[in-house]
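Student: Structure for this input, please:
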Amino acid sequence: MAEAAAAIGLVVNIVQLVEWGRKIVRRLDEFQRKADEVPKTFLDIKTELPLLLNTLDETQEQAKAGLITEDTQKVLLPVVEGCRAQVEQLDEILVKTLPVATDHRWERGVKALSSLHQEKKVKSISETLRGFIQVLTYHQATRLGRLDLGDYLHTARSRSPRPESRKLFLVPFDRDYGYIDRAGIIGELDEWLKRQKRVSLAGIGGVGKSQIAIEYCYRYHEKNPAANVFWVHASTLPQIDQSYRQIARKLSLPDWDDLSPNTFQILCDWLSDPEHGPWLMVLDSADDIDLFFQKPSKGAKPAQQSQISQFIPRSSVGSIIITTRDRRVAERLADRQKPIAVSPMSNAEAEELLRSKLAQELRPEAAPLVELVDTLGSLPLAISQAAAFMTENSMEAGDYLDAFKSDAAEFLSEDLGDHRRHPDSENSILTTWKLSFEQIAQKQPRAAEILSLMSVLDRNSISKSLLIRDGERSLDFTLALGTLQAFSLIMPEKDGKFALHRLVQLSTQRWLENEGTETQWQEKALMALVKHFPPGDFDNWRTCEALSPHAQIVIGYDFKYVLAHNRYREVIPIRKNFLGSEDVQTLQSICYFGEVLFRESKYPEAEAVLRESLAGRERILGPNHPDTIMNIGHLAEVVRGLKRYREAEELYQRTLAGKEDDLGNDHVAMKNADNLGSVLRDAGRLEEAERWVRLALEAREKVTGSNSPETLGSVSHLALILRLRGRYDEAEIQNKRALAGFERELGREHHYTLRSLDDLAVVFRCQGKLEAAEEQNRRALRGLSNAFGPRFRRTLASTRNLAIILEMQGRKVESAELLKRLLKAKQEEHGIDSPEALAIQSEIEQVLAEKSESLEAKTEHLTVGSSR
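Tutor: Residues are numbered from 1 along each chain as shown. Alright, predicted model coming up:
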C-alpha cells in the first residue's frame, strides 16, 4: 500500500512538472520567434528542457506500470521535486523577462535588459537540471533498479559529469519557423543517411543548402535528444580550426587547448570511437577543393601536415552532411556518392517563401507575386533579400518589380543582412557568386573565359561550337566545362547544349562590367556568331534557327554593328581600287554594308548604299539575276522602314514578277511574298495581303515542311491577317498551330513561341474569352520581360494588351497600374509631353473615371435599396 502511495506521489509530481515544463518551452519558442536576439543561456535551457521532459515521461510510464521499486521511488522523488523547484524558479524569471503582447515599447526594452542580467541565474538552473537529467537517464539505464541508484547519486555528486554524457547542440543559427519544405529534401536526407554515413547537398550559391541543413539539424535533435549535433564552418582553414576547437572545448576533451597537439586529430579520434555516438555533423560551405584534398606543403603547421579531409571523422554511429557549391567536393567528401542536387525552388515554394517573409500589408496579389518570383529565378537568397528590401522601404511588389527590371544588377548587389547565415557569408547575390567567379578565375581561367562568353549570349541553348577555341585540346575544354557544371553555374540541356540561370547571367555580366571587360566579351560573342552563322538557305535553316536567339541578343549591344560597319568601310575602298567598282565581289561587299546600315536603323544611308550596289548588279548581272533580285528585296525593306509603302510595294512586286501563282522553291521569293503581305496589311488592303501570305505559306509547306520555323512564321502572319479581318475562329486555329509548332521545334521560352502566345491572347480577347486571354497573356508577358526586358517593343505591346483584358473584366485599378508602367516607359523613351505618353495618360484617366462612375452608380443603388 505504501509502495502504491509513493508511486502515486511520484506520478503526480511528474505530471505537474511536465505540464509546467512544456508551458515554459512554448513561451521560449514564442520569445525566440519574436525577438531579434535571444541570450545564449535561454537557448541552452530551451534545448535542455525537452530532454528532461522526455526522460520524465518515460519514468512516469514505468511508475504507472509498477516497474519502479519503493526504494528507487524514494530516491527519485527528491530528484523530481528538485527539478520542479528549478522549473518554478525559471518560470518566475521568464515572467519578469519575456515580453507579452500588451507590453508597451518601453516595457519591452526594460525586459530585454532584464533578460541579460538574469543570464547567470538561468545558467545555474541549466546546470542543476543537467545534473538531474543525468540521474534520471542513469535510472533508465538501470532497468528496474538492478543497479544501486543511491550509490550512483552519491558518486555523481562528488564528481563533475562525464564530458561525453552532456549532449551538445552546436548549431549557431536560430530555427526558421517559416521554413518551406522543398520537394521532400529533408525526407530524402533521412533516407540517404539510413544507407550511408555521409551525404552532400550541392547547388549554386544562395539556393538554400545551409537552410536545409539547419532545419534538418533541428528535426534530428527532436527525434534524437540523446545525440550530439555539431556545426563546422568549412569555407576556410581558420574557420574549420575554430569550429573544431569549439567542439573539443564543449566536450571537455583532454589537451584541446594545448597548441602543440593537433586539435583536428584529437576531435577526429574521439568522434570516430563508436562509444561516443550517436552524433550528427554538418560541414557547411565546403567549397574549396584544394582546402580538403591538396597535398600539404613542406614546413606546414601540424593541422596542415595532412589533407584536411583525413580529419573528418568516420563512425558507425555518426553521420555527416556536407553543403557545397562544388559537386566535385561533394562527391569526394561523400565517398564518391552522388550529391543531392539542390535546385532553385518551384514557383509554388518560392511564392510561399515570399509571402512568409513579407509583412501582411505588403503581401501582393497572385499576379505580381508570380511574376516577381519568376524574375528572381525562384532563388531563396534573392527572394529573401527582395522581401527584406520591400519591408524596409514599405515597397509593394509591383513597384519593386519595376525597379528591379530597370536596374537588376543594383538590386542584386544589396546586402540587407541575414542572421541565419554565417557572419562571414555574403548576403547579396552578386557578392555571393563573385566569390565563385574569382575562385574559378584563379584556379581554372579557361572556365572563367567560357562563362564570360556565355553570359553575353542568350542564356539558353548555348552550343559547344560557339565556346570552343580553334585548336583547343578537347580535354582542356571538357575540364573547363566540368568546373562550371561542378559549381552549378551552367546546366546541361539536350543535344549537348548548356544554359545559365537568369541571375547567374546577370551577376556574371556585372562582374565583367566591374572588371572592365564587358565590351571585349560582347565583341568576342559577335565574332563567334559571324564565324558560325551559315548562309540563310534551306539547307542551313536549323543551324540558323539555333543561333538566332544568340544573334538577337548580340545585335542589341551598344556596339551593335560597329565591327562589321568598320570592316566594310575598310574593305570596300580596297576592293574598288584593286578589283574595280563593278566587280561582283565589290558589289557584294557594298550590298552587305547596306544591310549593316539597315540593321543600325540608318535608313537614308542604307538606301544610298543599296541603290549603288543595285545599279552595278543590274549593269553587270542583269535585272533578273538572283543577286539583283535579292538586292531589290533588301532595298524594299529599307524603303518600307522609311514609310514609303507604295514604293516598297512596287519593289516587292518587281521581285515577284511572273510568280504570282506559284513561288516554286525560291526561298527569296517566299520571303518577299511574305514581306509584301506585310506592306499590304499595313496599307489596310487585307484581302490582297492574305493572298500573298497564303502563297508564301503553301510554298514553304512544300519545300521546308509543315513544321519548319519559316512555315510557322507564315502561319502566324496568316493568323494576324485573319484576326484583322474579323475571322476570329479561323485566326484561333492558325495561332494554335503556330504556337504548338514553335513550342515543339524551338521550346517554350523561344521568342517566336512567346510572340505566338501573345497573338493567341489577343484572339481570345477579341472572342470574349477573357480568362483564357489573361492566362496566355501573363505567360507571354513574363517570357518577353525575361528575354528582352520591360522596355522591349513587344513587351510593352503585351503589357497594353493585358491592361485591356483586365479593363474588360472590370478590374479597372489593375488595368490602370499596368498602364502606369507603360506610361513610364513611353515618357522615358519619347518624353513626358510626347503624343505617345499623352495618349497613355488619357487612357489611364479614362479607365479611372469609368471606375469612379461605376462606384458612384453602385453606391447610389445601395442607397436606394436601403431606403426601400
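
Student: pLDDT weak spots in the stretch 101-250 of the chain?
Tutor: 101-120, 131-166, 183 (pLDDT under 70).

Student: which stretches of it form helices?
Tutor: 105-117, 119-142, 149-158, 185-195, 209-223, 237-250 (DSSP state H, counting those that start in this stretch).

Student: do the same with the stretch 351-500 of the chain
Tutor: 366-375, 380-392, 397-406, 408-412, 429-443, 445-455, 464-467, 474-486.

Student: so what's the nearest residue to Met454 once chain neighbours are set aside bridging to?
Tutor: In this structure, Met454 finds its nearest non-sequential neighbour in Ile462, 5.4 Å apart by C-beta to C-beta, 6 or more residues apart in numbering. C-beta coordinates here come from the backbone N, C-alpha and C atoms, glycine included. Ile462 has the following beta-bridge partners by DSSP bridges: Phe498.

Student: Now for Ile462: which residues touch it?
Tutor: 454, 497-500, 550 (C-beta atoms under 8 Å, 6 or more residues apart in numbering).

Student: now do Arg325
Tutor: 202-205, 285, 287, 436, 487-488.

Student: how much space is there between it and Ser235?
Tutor: Separation of Arg325 from Ser235 (C-beta to C-beta, to the nearest Å): 10 Å.

Student: Need the residues touching each of these two.
Tutor: 285, 287.

Student: Let's see the distance spanning stretch 490-503 from one end to the other.
Tutor: With C-alpha to C-alpha, to the nearest Å as the measure, stretch 490-503 spans 11 Å from end to end.

Student: Only the buried residues of that stretch, if you could.
Tutor: 490-491, 497-503 (16 or more other C-beta atoms under 10 Å).

Student: Tell me the one of those nearest Ser815?
Tutor: Arg502 (27.9 Å; C-beta to C-beta).

Student: Remind me what the helix or strand containing Thr586 packs against, helices and strands.
Tutor: Element membership of Thr586, judged by DSSP states H and E, is helix 584-599. Judged by 3 or more C-beta pairs under 8 Å, 6 or more residues apart in numbering; DSSP states H and E, the packing partners of helix 584-599 are helix 562-579, helix 603-620, helix 626-641.

Student: Now do that helix: everything it contacts.
Tutor: Here helix 584-599 has contacts from 555, 560-561, 564-565, 568-569, 571-572, 575-576, 579-580, 603, 605-607, 609-610, 612-614, 616-617, 620-621, 627, 630-631, 634-635, 637-638, 641, using C-beta under 8 Å, 6+ apart.

Student: same question for stretch 378-385, mean pLDDT?
Tutor: Stretch 378-385 carries an average pLDDT of 76.

Student: Repeat that for stretch 445-459.
Tutor: 90.

Student: again with stretch 814-830
Tutor: Here the average pLDDT along stretch 814-830 is 80.

Student: Now find how far off-centre that stretch is within its chain.
Tutor: In terms of C-alpha atoms, centre = their mean, to the nearest Å, the centre of stretch 814-830 is set 27 Å apart from its chain centre.

Student: and that stretch, which residues are buried?
Tutor: Here stretch 814-830 shows 814-827 as buried, counting by 16+ other C-beta under 10 Å.

Student: want to throw those into JSON lines with distance to Asp181 and secondary structure?
Tutor: Conversion of the buried residues of stretch 814-830 to JSON lines gives the following (distance: C-beta to C-beta, whole Å; DSSP: H, G, I helix; E, B strand; the rest coil):
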{"residue": "Glu814", "distance to Asp181": "32", "secondary structure": "helix"}
{"residue": "Ser815", "distance to Asp181": "37", "secondary structure": "helix"}
{"residue": "Ala816", "distance to Asp181": "39", "secondary structure": "helix"}
{"residue": "Glu817", "distance to Asp181": "34", "secondary structure": "helix"}
{"residue": "Leu818", "distance to Asp181": "35", "secondary structure": "helix"}
{"residue": "Leu819", "distance to Asp181": "40", "secondary structure": "helix"}
{"residue": "Lys820", "distance to Asp181": "38", "secondary structure": "helix"}
{"residue": "Arg821", "distance to Asp181": "35", "secondary structure": "helix"}
{"residue": "Leu822", "distance to Asp181": "39", "secondary structure": "helix"}
{"residue": "Leu823", "distance to Asp181": "42", "secondary structure": "helix"}
{"residue": "Lys824", "distance to Asp181": "39", "secondary structure": "helix"}
{"residue": "Ala825", "distance to Asp181": "40", "secondary structure": "helix"}
{"residue": "Lys826", "distance to Asp181": "44", "secondary structure": "helix"}
{"residue": "Gln827", "distance to Asp181": "45", "secondary structure": "helix"}
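
Student: Output the contacts of Ile462 in a markdown table, with distance to Asn224 appended to each entry.
Tutor: Formatted as a markdown table, the contacts of Ile462 follow (distance: C-beta to C-beta, whole Å):
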| residue | distance to Asn224 |
| --- | --- |
| Met454 | 45 |
| Lys497 | 45 |
| Phe498 | 42 |
| Ala499 | 41 |
| Leu500 | 41 |
| His550 | 53 |
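
Student: Would you mind checking which of the residues you listed is nearest to Leu695?
Tutor: His550 (31.7 Å).
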